[in-house]
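> sequence below, structure please.
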Amino acid sequence: MMKAQFMSLWDGLDTVATSQKTRERQEILKLILAEENEIAEKTAGFSGSDLRELCRDGAMYRVRDYVRKEQMRQIAQQMQDSQEEEQ
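Residues are numbered from 1 along each chain as shown. This next block holds a predicted model:
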């Protein structure tokens, strides 16, 4: 949910007035930092490098998840198209 809200706000940054852009940037930062305390508590003892890797892995997880879903959607579409051709 947070990712979707973040991306929704991020996408609109180039198309709105300057004051609106400022408000949207503030909303993006609030979303990103909303769970800051919880993350800090759960990562006690992590180095800066560990935190960087945690963020990188989290981002890559989402990219891989998106790619897998997109591939599955394409496969399903191809199967549907081939079934329609057979009829």
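
> can you show me the helices along the chain?
For the chain, applying DSSP state H gives helices covering 2-11, 18-33, 36-42, 48-86.

> using CSV, list the CA coordinates for the third one.
It stands for helix 36-42. The C-alpha coordinates for helix 36-42 follow below in CSV (Å, rounded to 0.1, in the frame of the first residue of the first chain):
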residue,chain,number,x,y,z
GLU,A,36,11.3,5.0,10.7
ASN,A,37,11.2,4.2,14.4
GLU,A,38,10.0,0.6,13.9
ILE,A,39,12.7,0.0,11.3
ALA,A,40,15.3,1.5,13.6
GLU,A,41,14.3,-0.8,16.4
LYS,A,42,14.2,-3.9,14.2
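
> how far off centre is that helix?
Taking Cα atoms, centre = their mean, to the nearest Å, one finds the center of helix 36-42 at 19 Å from the center of the full chain.

> how about that helix: buried residues?
By 16 or more other Cβ atoms under 10 Å, helix 36-42 has no buried positions at all. No exception for glycine: its C-beta is placed from N, CA and C like everyone else's.

> hmm, back to that, now tabulate the helices of the chain in CSV and tack on mean pLDDT.
Shown next, in CSV, are the helices of the chain (pLDDT from 0 to 100):
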stretch, mean pLDDT
helix 2-11, 66
helix 18-33, 76
helix 36-42, 80
helix 48-86, 91
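
> what's around Glu86, how many residues?
If you count neighbours by other Cβ atoms under 10 Å, Glu86 ends up with 6.

> for Met72, see how far away it is.
21 Å (Cβ to Cβ, to the nearest Å).

> phi and psi next, for Ala34.
Ala34 adopts backbone torsions of phi -60, psi -40, taken as degrees, to the nearest 10.
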